[in-house]
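Chemist: Coordinates only, no sequence provided:
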DNA sequence: TATTATAATGACTTAATAGTCATAATTCAA
DNA sequence: TTGAATTATGACTATTAAGTCATTATAATA
């Protein structure tokens, strides 16, 4: 029964303590005692704002993904062509991941640190992914109709694949680079990824399409 | 100190009980009591064959990935061109995942069920991934040198990406199809994926390259 | 200020489960 | 066949951490 009304400041305080601990040590190391200590409050207090640990973790995740999604939607609708929309989406997503790199590092890296306690969380995690994937696949569908993209691809599957590409790229960066990425690096990375997604790795085509 | 000499049959019995439980309920639900019950032995016996739970989980994973890797290596070296090698790799990997679908479902699906207890396991998981990725990137490098693939791609990154594609495709199938995939479906799926990896989604190129 | 309502506390209870070890069963070797 | 060595057992211990709740502190109100 996530009670935000009571005291929104404390609610946020707890959430950000949790987020910060997740970013530092990962999900599996998150304990209510640590959250309480980090937030400088008593453990019991957490339960005034969150029903249980599961709800706390879910809230932390939910907020992160909602913000990401809002930003991407806002950014993407500015673009006209499907190609440009995809480019904007990739760029915005990589930027957001970089801004919240510790948090996402824990979520993504090695797919190891996430421990969900309840089926319900797994489901809502799936729903978010599905929502994002179908957002992407809508863009691709429009691109197919407009003649920008091939007609013989499965847009739903391509939606999932693009998301996987973005994530994998982030993981690759986490593993191979220690510092934050500069805006320029993110830009070049985004356009590389779009380039690959659109044109593949074959040398059999001329690669001079403007992106 | 994984003692296999003692009694290889029992060692295997325990491992396959663990694998089967992981496939059924996922990593997070694996307890030593359940493994013992499933194997029809006492809990203490497990500790005669595996140092701790961590080693048991690691062994289960390790064996699965080693078999996969061996099969792929054997299959890939039969092919001449880099393109054909990649095609063989994708096909062999999808086939193996399908053969061990319950196990991989738990490992892959939603990236949620893996709980590692020790840093060491995370590291060895990374090593395996790295080994596989560099195997793929070697193929790509040769393809670049032979002129099959573009010179302006990062082969290491492409290695990771291809592995992510395969995995994502498997997840997509787990979510959208209930039964096993037929050999024909795997074949068509593999060639679709290779096609995308090589040519991208753009409609700007003719898509008639023989794969 | 006194009274009530709300919020916060943290010691305690409870549950889950990894790992142990004294004891028992089985196998082996002389 | 019998004593030693090996293997197996499962009740027990220890640990960790989630969640509770009687008590205390603070804020609101009259």
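Modeler: Here it is on my side, so go on. If you're wondering where the values come from, they're calculated on a predicted model, not measured in any experiment.

Chemist: tell me the helices in chain A, going along the chain?
Modeler: Taking DSSP state H as the test, the helices found in chain A are A:8-25, A:32-39, A:43-49, A:53-76, A:82-99, A:101-108, A:119-145, A:155-176, A:183-199.

Chemist: Which of those helices has the lowest mean pLDDT?
Modeler: The weakest mean pLDDT among the helices of chain A belongs to helix A:101-108, with a mean of 78.

Chemist: could you give the angle of that helix to helix A:82-99?
Modeler: 100 degrees (axes from the mean of the first three to the mean of the last three Cα atoms, to 10 degrees).

Chemist: Can you give me the domain boundaries for chain A?
Modeler: A:1-51, A:59-199 (automatic domain parsing).

Chemist: Stretch A:13-27 and DNA strand C, any residue contact?
Modeler: No - shown here: stretch A:13-27 not in contact with DNA strand C (Cβ under 7 Å from any atom of the strand), separated by at least 9.2 Å. In short, each C-beta sits where N, CA and C put it, glycine included.

Chemist: Just give me the neighbour total for the residue of chain A found nearest DNA strand C.
Modeler: Across chain A, no residue is closer to DNA strand C than residue A:44, which sits at 1.7 Å (Cβ to the nearest atom of the strand). By other Cβ atoms under 10 Å in any protein chain shown, 9 other residues sit near residue A:44.

Chemist: again with the one 3 residues further on
Modeler: A total of 14 residues lie near residue A:47 under the criterion other Cβ under 10 Å.

Chemist: Please name the residues that touch it.
Modeler: Under the criterion of Cβ atoms under 8 Å, 6 or more residues apart in numbering or on different chains, residue A:47 has no neighbours.

Chemist: same thing but at 10 Å, please
Modeler: Residue A:47 is in contact with A:32, A:53, A:55-56, counting by Cβ atoms under 10 Å, 6 or more residues apart in numbering or on different chains.

Chemist: top of those by neighbour count?
Modeler: residue A:56 (22 neighbours).

Chemist: So for it, what's the nearest residue that isn't a sequence neighbour?
Modeler: residue A:50 (4.4 Å; Cβ to Cβ, 6 or more residues apart in numbering or on different chains).

Chemist: For that neighbour, what are phi and psi?
Modeler: phi -130, psi 140 (degrees, to the nearest 10).

Chemist: any idea how far it lies from residue A:107?
Modeler: 19 Å (Cβ to Cβ, to the nearest Å).

Chemist: And the residue nearest the centre of chain A?
Modeler: residue A:65 (5.7 Å; Cα atoms, centre = their mean).

Chemist: Would you enumerate the residues in contact with the nearest residue to that one once chain neighbours are set aside?
Modeler: Distances taken as Cβ to Cβ, 6+ apart place residue A:128 nearest to residue A:65, at 5.2 Å, with adjacent residues excluded. Residues near residue A:128 by Cβ under 10 Å, 6+ apart: A:61-62, A:64-66, A:68-69.

Chemist: Equivalent analysis for residue A:21, please.
Modeler: By Cβ under 10 Å, 6+ apart, residue A:21 lies in contact with A:27, A:29-31, A:34-35, A:37-39, A:60, A:106.

Chemist: Report the buried members of the residues you listed.
Modeler: Listed as buried from these are A:27, A:30, A:34-35, A:38-39, A:60, A:106; burial here means 16 or more other Cβ atoms under 10 Å in any protein chain shown.

Chemist: Touching, residue A:158 and residue A:134? I think so.
Modeler: No - using Cβ atoms under 10 Å, residue A:158 is not in contact with residue A:134; the gap is 11.4 Å.

Chemist: Next, show the common contact partners of those two.
Modeler: With Cβ under 10 Å, 6+ apart as the test, residue A:158 and residue A:134 both reach residue A:141.

Chemist: Give me the more crowded residue out of these two.
Modeler: Neighbours per residue (other Cβ under 10 Å) separate residue A:158 from residue A:134, with residue A:158 holding more: 24 against 15.

Chemist: Would you mind listing what in chain A touches DNA strand C?
Modeler: Residues of chain A lying near DNA strand C (Cβ under 7 Å from any atom of the strand): A:6-7, A:10, A:41-45, A:47-48.

Chemist: ok, of those, which one's closest to DNA strand D?
Modeler: Nearest to DNA strand D among these, with distances taken as Cβ to the nearest atom of the strand, is residue A:44, at 3.3 Å.

Chemist: can you pull the contacts of the closest one?
Modeler: Contacts of residue A:44 (Cβ under 10 Å, 6+ apart): A:32, A:36.

Chemist: Around residue A:197, how many other residues sit close by?
Modeler: Neighbourhood size, residue A:197 [other Cβ under 10 Å]: 23.

Chemist: go on, the one 3 residues further on?
Modeler: By other Cβ under 10 Å, the residues close to residue A:200 number 26.

Chemist: Looks like it contacts residue B:148 (just checking).
Modeler: No - under the criterion of Cβ under 10 Å, residue A:200 makes no contact with residue B:148, lying 11.7 Å away.

Chemist: Spit out the residues that contact the two alike.
Modeler: residue B:198.

Chemist: list the contacts for residue A:142?
Modeler: So residue A:142 contacts A:81-82, A:85, A:148-149, A:155 (Cβ under 10 Å, 6+ apart).

Chemist: Can you tell me which of these has the most neighbours?
Modeler: Most surrounded of these: other Cβ under 10 Å gives residue A:149, at 25 neighbours.

Chemist: Now stretch A:64-81: buried residues?
Modeler: For stretch A:64-81, by 16+ other Cβ under 10 Å, it's A:64-65, A:68-69, A:72, A:75-76.

Chemist: Go through those residues and say which is closest to residue B:167.
Modeler: residue A:65 (20.5 Å; Cβ to Cβ).

Chemist: Could you check how far the closest one is from residue A:29?
Modeler: 21 Å.

Chemist: and residue A:179, what does it touch?
Modeler: A:101, A:185.

Chemist: Please give the centre-to-centre distance between stretch A:44-56 and its chain.
Modeler: 24 Å (Cα atoms, centre = their mean, to the nearest Å).

Chemist: what about it and DNA strand D, touching?
Modeler: Yes - against DNA strand D, stretch A:44-56 shows contacts by Cβ under 7 Å from any atom of the strand at A:44, A:47, A:52-54.
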